[in-house]
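Visitor: Pasting the sequence and the predicted coordinates here, then a few questions.
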Amino acid sequence: MASVPLWLYTTAGCHLCARLEATLQALGADVTLTRVEIAFDAQLSERYATRIPVLASASGAEYSLADGEEALPGWLRAQGVDRTPPARRDSGVEPQGHVMRHGRRFLR
């Protein structure tokens, strides 16, 4: 099965967002994650500012950590996400989630 597209509503410096991304990786979720920065869009900020991180699927279904971490595997299954064994951590490749510049975190 192909990788499932998901959107992660996030903002710079969001430690909960980083935790959710790490959980997706640990679960071996086969997803293509598009990070959506909410800080520069008033409508997105209003909708997600107190809820991030929020995952959204192409169908419009949303998952937030407020739903409970135990609900994530079921939500992923409902979106058609396959789970594969997580990659070994000793591969020597660092995660590519963000870069730091002048003390600020920027998403890639």
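Guide: Alright, I've got the coordinates.
Visitor: When you work out contacts or count neighbours from here on, use the C-alpha atoms and nothing else.
Guide: Will do.
Visitor: What about the spatially closest residue to residue 30 that is not a sequence neighbour, how many residues nearby?
Guide: Using CA to CA, 6 or more residues apart in numbering and skipping the chain neighbours, the partner closest in space to residue 30 is residue 3 (5.1 Å). Residues near residue 3, counting by other CA atoms under 10 Å, number 14.
Visitor: got the contact list for residue 3?
Guide: By CA atoms under 8 Å, 6 or more residues apart in numbering, the residues touching residue 3 are 30-32, 81-82.
Visitor: So which bits of the lengthiest helix in the chain are buried?
Guide: Across the chain, the longest stretch assigned as helix under DSSP state H is helix 15-27. Residues 17-18, 20-21, 24-25, 27 are the ones in helix 15-27 that count as buried (16 or more other CA atoms under 10 Å).
Visitor: Columns pLDDT on top of those, output as JSON lines?
Guide: JSON lines is the format used below for the buried residues of helix 15-27 (pLDDT from 0 to 100):
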{"residue": "17", "pLDDT": "94"}
{"residue": "18", "pLDDT": "93"}
{"residue": "20", "pLDDT": "95"}
{"residue": "21", "pLDDT": "94"}
{"residue": "24", "pLDDT": "94"}
{"residue": "25", "pLDDT": "92"}
{"residue": "27", "pLDDT": "92"}
